[in-house]
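**Student:** Build the 3D model from these lines:
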Amino acid sequence: MGKRLAIILLNVALLTASCTINSRYPMPGDKIVFSAVASHTKCIISSTSYPQDIPFVVEAVHYPQGLDNDWDNIYMSGARIEFDAKDSWWRPTEEFLWPHDGDVVFFAASPAIPQITINPEKGVETDWSISSFEEAQVDLCYAKTTENCKQHSAVVPIVFDHALTQICIKVRPLKQYSKLLVSENLLQSDQMTVVLDSVKISGVICEGHFTQEPMGWVTKPSVTTYTIFNKPSGLALECDNHNTPVLTPLDPLLLIPQLLPETSRIDEWHRTVVHSTLTDLTTGNVLQDLTYEVPGEAHLPIWNCCQKWLPDYKYTFRLAVGLENSVLSLAVTDWVETREIILDE
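**Tutor:** So this is what the prediction gives:
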């Protein structure tokens, strides 16, 4: 009898404990997991599928009486979320189960680095500095989603937006410069190739403070220069078989969204390689065979075609390099159709 009573009391204790534990959750084992996509393609996130090797951070805020009332606690504080290849879900490194009632607001930040913080009032917040070409390629992303605890998604959808501006430069020769001239019995051939040596963006703001809610940037009065392209061998700018200049994209940059200073500009250095021959058409003899280079450069104000960079937008500058002058124009890329709409040529 005493043994039976002890078993009954033990079962009652376990049942009571179980009710206490599960009172916060819809059912045992109902774990919070995530899916992750990017709203647009960017430098680091090369497609709308979020890269599986870049963990992100989530802060979850619980509103027990719904969003019209106050929140009671931070349910997930700076939880690191990593990809689980077994079921293709993103899971917190520490397990979290769903609250029984109310709503949960999820703020997410990528990448998972210490200088990015999340709080229940402003969401993702950080000071951000881009001081070199390498550091410019960190893609700062943020997201927010709300789920009702009783009707939550099987997998919480995280859709990341980009906090930075993407800058792309495409280069081409201004036109076809090679020439053939015939005078009397002489043929002069000048094969001219424009070779790009260096491209830089100068005088743009390199520091700012980002806040998710309200979403925006506060920039700091700090400017610098970014190298877009610089190779000793250079880049030959070519035309196709119809003498139409071919656009060549350079590596893109991620920069601080900003009202551009009037002193901001794109600087380019190039050289024209000339192979000049003079042939006597009567005898076929080459009378002159010279190869020489003519250096050139241009410093083109960005402000003339664009005064503002917005977050989560892509600005494609077209740089046409010429013998006497170079021309800068701006195109805006449609994210969905991946077409270019020319604003100014």
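
**Student:** Domains in the chain, by residue range?
**Tutor:** 26-162, 165-344 (automatic domain parsing).

**Student:** got TSV for these, with mean neighbour count and mean pLDDT too?
**Tutor:** The C-beta positions use only the backbone N, C-alpha and C, and glycine is treated the same way. Below are these laid out as TSV (neighbours: other C-beta atoms under 10 Å; pLDDT from 0 to 100):
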stretch	mean neighbour count	mean pLDDT
domain 26-162	17	88
domain 165-344	16	88
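
**Student:** Report the contact partners of residue 217.
**Tutor:** Taking C-beta atoms under 8 Å, 6 or more residues apart in numbering, we find residue 217 in contact with 163, 208, 209, 210, 256, 257, 258, 311.

**Student:** Tell me the confidence at the first one?
**Tutor:** Yep, that's residue 163 we're talking about. Among the per-residue scores, residue 163 holds a pLDDT of 94.

**Student:** For it, give its distance to residue 310.
**Tutor:** From residue 163 across to residue 310, the span is 11 Å (C-beta to C-beta, to the nearest Å).

**Student:** what sits in contact with each of these two?
**Tutor:** By C-beta under 8 Å, 6+ apart, the residues touching both residue 163 and residue 310 are residue 257.

**Student:** Ramachandran angles for residue 136?
**Tutor:** phi -70, psi -20 (degrees, to the nearest 10).

**Student:** Touching, it and residue 130? I think so.
**Tutor:** Yes - contact criterion C-beta atoms under 8 Å: residue 136 and residue 130 qualify, at 4.8 Å.

**Student:** hang on, the earlier thing: reformat the contacts of residue 217 as JSON lines; add secondary structure and distance to residue 156.
**Tutor:** As requested, these are exported to JSON lines (DSSP: H, G, I helix; E, B strand; the rest coil; distance: C-beta to C-beta, whole Å):
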{"residue": "163", "secondary structure": "coil", "distance to residue 156": "21"}
{"residue": "208", "secondary structure": "strand", "distance to residue 156": "29"}
{"residue": "209", "secondary structure": "strand", "distance to residue 156": "28"}
{"residue": "210", "secondary structure": "strand", "distance to residue 156": "23"}
{"residue": "256", "secondary structure": "coil", "distance to residue 156": "30"}
{"residue": "257", "secondary structure": "coil", "distance to residue 156": "28"}
{"residue": "258", "secondary structure": "strand", "distance to residue 156": "33"}
{"residue": "311", "secondary structure": "coil", "distance to residue 156": "24"}
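
**Student:** Name the residues contacting each of residue 136 and residue 130.
**Tutor:** 226, 254, 255.

**Student:** which one among those residues gets closest to residue 147?
**Tutor:** Nearest to residue 147 out of these is residue 254 (C-beta to C-beta; 30.2 Å).

**Student:** Chain neighbours aside, what residue packs nearest to the closest one?
**Tutor:** residue 164 (4.3 Å; C-beta to C-beta, 6 or more residues apart in numbering).

**Student:** now residue 84
**Tutor:** residue 91 (4.8 Å).

**Student:** Quickly note the distance from the one you found to residue 35.
**Tutor:** Counting by C-beta to C-beta, the gap from residue 91 to residue 35 is 11 Å.
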